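**Q** model the structure of this input:
(one chain, ligands or ions: 1)
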Amino acid sequence: LDTMRGRLLADEGIIKMAGIWDHLERLTNAERIVIIACGTSWHAGLIGEYLIEEFARVPVEVEYASEFRYRNPIIGPKDVVIAISQSGETADTMAAIKLAKEKGAFVFGICNVVDSSIARYTDAGAYTHAGPEIGVASTKAFTAQLTILSLIAIKLGNHNGNLGKADFMRLITELESIPKKVEDVLNSVDSNVKEIAKHFADATNFLYLGRGYNFPAALEGALKLKEISYIHAEGYPAAEMKHGPIALIDENMPIVIIAPKIGHYDKIVSNVQEIKARKGKVIAVINKGDTQVAAMADYIIEIPETSECFSPILASVPLQLLSYYIAVERGANVDQPRNLAKSVTV
Ligand code: F1P
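**A** Residues are numbered from 1 along each chain as shown. Alright, predicted model coming up:
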C-alpha cells in the first residue's frame, strides 16, 4: 500500500492524500458519515455518498450546509463530517462545521485553497491541490474533489474489510489512468462541443439527465449552465423523467443525457427513445464506439470507457465545456458571472 501511496504522491496529476492516511482510524470507526457542502461541492458530496456506501458500506448523508446550519441536526461524537469547499471560505459551510464540532463530531475538510478558514478550522483534511480556480464557477476543483472522495472510499473500504486487496488494487490502478483520460477528453471533444454550443445559444431551458453515479453529474452540468450562461437548466435522475419532467419535452427542449455503457445502460437507451418519441433534442455523452445511442441522438460527445464510479470525472469535463461555449456564444463573462461571488462569505 505504501508503494501505491508513493506512486500517488509522485504523480503530479493526482492529489496528495496524506490527510486521509493520518486519520483513517477515525474515519473507519464512524457510525455514519455526514457530508456538508454548497453548490458544486455539494454535488461532489452526492457522488461521495455513492462511492463511500459502495466501497466502504458506511451509511452516508449529504446535506446542504446552508440548511444544516439552521436546523437542529442529529449529529454527535460517533459521526464523521466531511466538509467540502473549493474556496474554503464559504460562510454556510463554515457555520455548519462549527455546529457539527460543537455537537462533538470529527470534521474532515476537503478544500482547494491552502490555509483557508475551513482548512484551518476543521480537525483534519485533504487538499485537492487543483490549483487556483481562475473563474468563479468551480470546475477543476470539482473533478479533484471527486478524486479525493474516490480515494477516501476505496481506502476506507479496504481498511474496514469491505473491499478486498484485488479490487482495491484494480480501482487504484484505474484511478491512476483517469488524469490521462481527462486530458484525452479535453483534447478530443473541444471543437465538437464548440460546434454543438452554436445550436443552443438561444435556448431558454435545458434538461440534464443521468443515472446512478451520473445523476449528480447531471445536476452539476445543469448548475454550470445556470451559473455562466444564465439559461434555466434542471438536472434529474433519468429514471425520474417519467415522474414529471417528461411533460416538458417537445422539439424545443434540449436534453443532455449522460449515457456511458455502464450500469443500467439499457434503461438509458429507453430514456433516449422516450425523449426522441417526443421530439426532444438529445445531446448524448457516450462511450467511443457506442452506435446504439449515437443512432438516436441529435449530437454526441464521446468519452473513454471507465468504471461507473469514476465516470462522472470524465463526463463532467465536456459538460463544463458545453456551458463554457454556450456562455461565450451568448457573450457572457464566463470568469465573472453576474451575481456570483468566488467565495460566498455572507
Ligand atoms: C460553493 C459555491 C460554488 C459555486 C459558486 C458559489 O463554493 O456554491 O460551488 O461555483 O462559486 O459557491 P465552495 O464552498 O466550494 O468554495
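**Q** so where's the stretch 1-150 of the chain shaky on pLDDT?
**A** Counting by pLDDT under 70, the low-confidence segments of the stretch 1-150 of the chain come to 1-21.
**Q** what segments of it are strands?
**A** Remark: strands assigned in the stretch 1-150 of the chain by DSSP state E, counting those that start in this stretch are 32-37, 60-64, 79-85, 106-111, 124-127.
**Q** make TSV out of these and add mean neighbour count and distance to the ligand.
**A** Placement of C-beta: from N, CA and C, glycine included. Formatted as TSV, the strands of the stretch 1-150 of the chain follow (neighbours: other C-beta atoms under 10 Å; distance: least, C-beta to the nearest ligand atom, whole Å):
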stretch	mean neighbour count	distance to the ligand
strand 32-37	25	6
strand 60-64	19	10
strand 79-85	29	3
strand 106-111	25	8
strand 124-127	21	13
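**Q** quick one: which of these is nearest S343?
**A** strand 79-85 (8.3 Å; C-beta to C-beta).
**Q** got the angle between that closest one and strand 60-64?
**A** Between the axes of strand 79-85 and strand 60-64, defined by axes from the mean of the first three to the mean of the last three C-alpha atoms, to 10 degrees, the angle is 40 degrees.
**Q** just how off-centre is strand 79-85 within its chain?
**A** From the chain centre to the centre of strand 79-85 is a distance of 16 Å (C-alpha atoms, centre = their mean, to the nearest Å).
**Q** only alpha carbons, please: show it as CSV.
**A** Taking C-alpha atoms only, strand 79-85 is exported to CSV below (Å, rounded to 0.1, in the frame of the first residue of the first chain):
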residue,chain,number,x,y,z
ASP,A,79,-20.3,10.8,13.4
VAL,A,80,-17.6,12.0,11.0
VAL,A,81,-18.5,15.1,9.0
ILE,A,82,-16.8,15.6,5.7
ALA,A,83,-17.0,19.3,4.7
ILE,A,84,-16.2,20.1,1.1
SER,A,85,-15.4,23.6,-0.2
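**Q** helices and strands around it, which ones?
**A** For strand 79-85, the packing partners by 3 or more C-beta pairs under 8 Å, 6 or more residues apart in numbering; DSSP states H and E come out as strand 32-37, helix 39-55, helix 91-102, strand 106-111.
**Q** among the ones you listed, which is nearest L340?
**A** Using C-beta to C-beta, the nearest of the helices and strands packed on strand 79-85 to L340 is helix 39-55, at 9.5 Å.
**Q** can that closest one be said to contact the ligand?
**A** Yes. Contact of helix 39-55 with the ligand (C-beta under 6 Å from any ligand atom) involves 39-41.
**Q** after the helix or strand hosting K180 comes which helix or strand?
**A** K180 is located in helix 165-198, with elements delineated by DSSP states H and E. Where DSSP H and E defines the elements, the next helix or strand beyond helix 165-198 is strand 205-210.
**Q** can you pull out the residues in contact with that following strand?
**A** The contact list for strand 205-210, computed with C-beta atoms under 8 Å, 6 or more residues apart in numbering, reads 200, 216-219, 221-222, 225, 231-238, 241, 245, 248-249, 252-258, 271, 280, 315, 319.
**Q** report the central residue of the protein.
**A** To find the centre residue of the chain, average its C-alpha atoms and take the closest one (C-alpha atoms, centre = their mean): that gives A44, at 3.8 Å.
**Q** what does the stretch 51-200 of the chain put close to the ligand?
**A** Going by C-beta under 6 Å from any ligand atom, the residues of the stretch 51-200 of the chain near the ligand are 85-87, 90, 93, 136-138.
**Q** how about 5 Å then?
**A** Residues of the stretch 51-200 of the chain found near the ligand (C-beta under 5 Å from any ligand atom) are 85-87, 90, 137-138.
**Q** pick out whichever of these sits closest to D298.
**A** Nearest to D298 among these, with distances taken as C-beta to C-beta, is A137, at 25.9 Å.
**Q** report the contact partners of the closest one.
**A** Counting by C-beta under 8 Å, 6+ apart, A137 touches 40, 224, 227-228, 323, 334, 337, 340.
**Q** swap in L219?
**A** With the criterion set at C-beta under 8 Å, 6+ apart, L219 makes contact with 43, 46, 208, 235.
**Q** for I75, which residues are in contact?
**A** I75 neighbours (C-beta under 8 Å, 6+ apart): 34, 81, 99-100, 103-105.
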